[in-house]
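**Student:** With the sequence up front, the predicted model follows.
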Amino acid sequence: MSDKIIVSATINDEPTDMLVSQRDSLLEALRAAAGALGVKEGCNDGNCGACSVMLDGRLVNSCLVMAAEVEGSEITTVEGIADADHLHPLQQAFLEEAALQCGICTPGFLVAAKALLDENPDPSEHEIRYWLAGNLCRCTGYDKIVRAVQQAAAGTT
Amino acid sequence: MQELRYAKVGSVDDAVAALQEGGPTARVLAGGTDIIVQARARARDIDLLVDVKGIDEVMQLSFDADGGLTVGAATPCYQIYGDAAVREHYPALIDCTTLIGGTGIQGRASLGGNLCNSSPSGDSLPVMYVLEATAELAGPGGRRTVPAEDFCTGPGRNVMQPGEFLVSLHFPPPAPNSGAAFLRFIPRNEMDIAVVNAATQLRFDGDAVSWARVSIGATAPTPLLVPEAAAALVGRPLSDESIAAAAAASKAAARPIADMRGSIKQRKHLAAVYTQRTIAIAADRARG
């Protein structure tokens, strides 16, 4: 007996049907069934934040959500944060501040940082570091990421 | 690949029925931040996740000055620390909900899940203990209420019976001239499991402490209430001596293990230090 189910959700403003196994995480469904390869698997247990997405307006680790849970939900991944012609100011700031090296953490940082600025457009350095504590980066040492978020918040990109 | 089924339920009765039908390999899914890792890693024998987040009672957050605060078992941390009434009346709940995991975890993780996971280091448990929280359980035999401090029976173990699940937590209204605080020691700023944590609630009658509760975590198979620490504080004004006596009582009550997070000696020392510090913050809050 197949345990496959169809889960319908709005992903980056597009109504999407995903054929998933009941044991799949949202992370697996987004990558395999919705083609959102910007959602990265890092630790797969909620420590690293590489799989960060927005689920009905809240920042979550998609590895800790069951795919079956998101029926009828709205999901935004890194693929959904730029508009058609322009990078999001955070993406531009990450480029200008060289806030990435290997890049696997970057989609999660962008989604998490956008969630912060949507809630708090003028965060302090402490607030940025605290908000992003659930996103790990082994390359940059974080300073460049914090500066990029500050730059995007200041609107100087 | 082991089968893992998902079922969403819309009422307490349906949840109880699904858990009974699923038997010992069925588990409740709330925020999922512990159970999804366990279920998918096959660390536990789990083949059915019963999602209870469609039940209003399990997702509630309501306060009134006479009745106190009721928090649904699956109400996520961000909703708790974003609530004006919680911020005003239960700052110790803000202390713990803002440092459980990172922002993404707080978008899903719940107090109920923290209690049901029954880890000795669960960061909201000492707060529940000192705030005299009670857990409302629903099961095949109906409902029952269990004081938070009687809930955990060992690491990962608790009083819930087959078919039972946690519906909500209730916190009595704060007494006049009372204050509570929670602190956690970890070797970094965020995102770690407590080496030791602690919470204190104090009530004052004039200058004297009239009532106290002290709880320490990650120092025994379950979080502990330390009545000897409370007794050292009650009936007299707070002083360096009474605080030191309470701290010594916590150190004496702690019976920790040594592991990669800390030694027995360090944990006993921290139990004293964090008792002392939470007393000071609780007293400041009580005096407004």
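**Tutor:** Received it, and whenever you're ready, just let me know what you need.
**Student:** Would you mind listing what in the stretch 101-250 of chain B touches chain A?
**Tutor:** B:101-105, B:107-108, B:189-191 (C-beta under 8 Å from any C-beta of the partner chain). Placement of C-beta: from N, CA and C, glycine included.
**Student:** among those residues, which one has the lowest pLDDT?
**Tutor:** By pLDDT, B:N189 ranks lowest within those, coming in at 82.
**Student:** is it true that A:Q22 touches B:A7?
**Tutor:** No. A:Q22 is beyond contact range of B:A7, at 9.1 Å (criterion: C-beta atoms under 8 Å).
**Student:** close enough to count as contact, B:A109 and B:T33?
**Tutor:** Yes. The pair B:A109 / B:T33 is scored as a contact, 4.5 Å apart, by C-beta under 8 Å.
**Student:** Please point out which parts of stretch B:32-46 sit buried.
**Tutor:** Neighbour-count burial for stretch B:32-46, with 16 or more other C-beta atoms under 10 Å in any protein chain shown as criterion, is recorded at B:32-40, B:46.
**Student:** And for stretch B:175-194?
**Tutor:** For stretch B:175-194, a neighbour-count test (16+ other C-beta under 10 Å) marks B:177-186, B:190-192, B:194 as buried.
**Student:** sorry, back to before: mutual contacts of B:A109 and B:T33, please.
**Tutor:** With contacts defined as C-beta atoms under 8 Å, 6 or more residues apart in numbering or on different chains, the residues shared by B:A109 and B:T33 are B:G101.
**Student:** Output the longest helix belonging to chain A.
**Tutor:** Across chain A, the longest stretch assigned as helix under DSSP state H is helix A:106-119.
**Student:** Report how many residues lie close to B:G23.
**Tutor:** 11 (other C-beta atoms under 10 Å in any protein chain shown).
**Student:** Now do the SS call for it.
**Tutor:** Assigned with DSSP: H, G, I helix; E, B strand; the rest coil, B:G23 falls in the helix class.
**Student:** Leaving out sequence neighbours, find the closest residue to it.
**Tutor:** Nearest residue to B:G23 in three dimensions, chain neighbours excluded: B:P162, at 7.4 Å (C-beta to C-beta, 6 or more residues apart in numbering or on different chains).
**Student:** check contacts around the residue of chain B found nearest chain A.
**Tutor:** Across chain B, no residue is closer to chain A than B:G102, which sits at 1.9 Å (C-beta to the nearest C-beta). With contact taken as C-beta under 8 Å, 6+ apart, B:G102 is in contact with A:49, A:132-135, B:190-191.
**Student:** Same check on B:G139?
**Tutor:** B:G139 makes contact with B:16, B:160-161, B:163-165, according to C-beta under 8 Å, 6+ apart.
**Student:** same thing with A:S8?
**Tutor:** Applying C-beta under 8 Å, 6+ apart to A:S8 gives the contacts A:15-18, A:71-72.
**Student:** Now those in CSV, please, with extra columns for neighbour count, distance to B:S210 and pLDDT.
**Tutor:** Formatted as CSV, those follow (neighbours: other C-beta atoms under 10 Å in any protein chain shown; distance: C-beta to C-beta, whole Å; pLDDT from 0 to 100):
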residue, neighbour count, distance to B:S210, pLDDT
A:P15, 8, 60, 98
A:T16, 18, 59, 98
A:D17, 11, 62, 98
A:M18, 23, 58, 98
A:E71, 13, 52, 98
A:G72, 9, 51, 98
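**Student:** Serialize those to JSON lines and add fields for secondary structure and distance to A:G155.
**Tutor:** Shown next, in JSON lines, are the contacts of A:S8 (DSSP: H, G, I helix; E, B strand; the rest coil; distance: C-beta to C-beta, whole Å):
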{"residue": "A:P15", "secondary structure": "strand", "distance to A:G155": "33"}
{"residue": "A:T16", "secondary structure": "strand", "distance to A:G155": "33"}
{"residue": "A:D17", "secondary structure": "strand", "distance to A:G155": "38"}
{"residue": "A:M18", "secondary structure": "strand", "distance to A:G155": "36"}
{"residue": "A:E71", "secondary structure": "coil", "distance to A:G155": "38"}
{"residue": "A:G72", "secondary structure": "coil", "distance to A:G155": "35"}
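**Student:** that older thread, turn the residues of the stretch 101-250 of chain B next to chain A into JSON lines, including secondary structure.
**Tutor:** Listed next are those as JSON lines, based on three-state DSSP:
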{"residue": "B:G101", "secondary structure": "coil"}
{"residue": "B:G102", "secondary structure": "coil"}
{"residue": "B:T103", "secondary structure": "helix"}
{"residue": "B:G104", "secondary structure": "helix"}
{"residue": "B:I105", "secondary structure": "helix"}
{"residue": "B:G107", "secondary structure": "coil"}
{"residue": "B:R108", "secondary structure": "coil"}
{"residue": "B:N189", "secondary structure": "coil"}
{"residue": "B:E190", "secondary structure": "coil"}
{"residue": "B:M191", "secondary structure": "coil"}
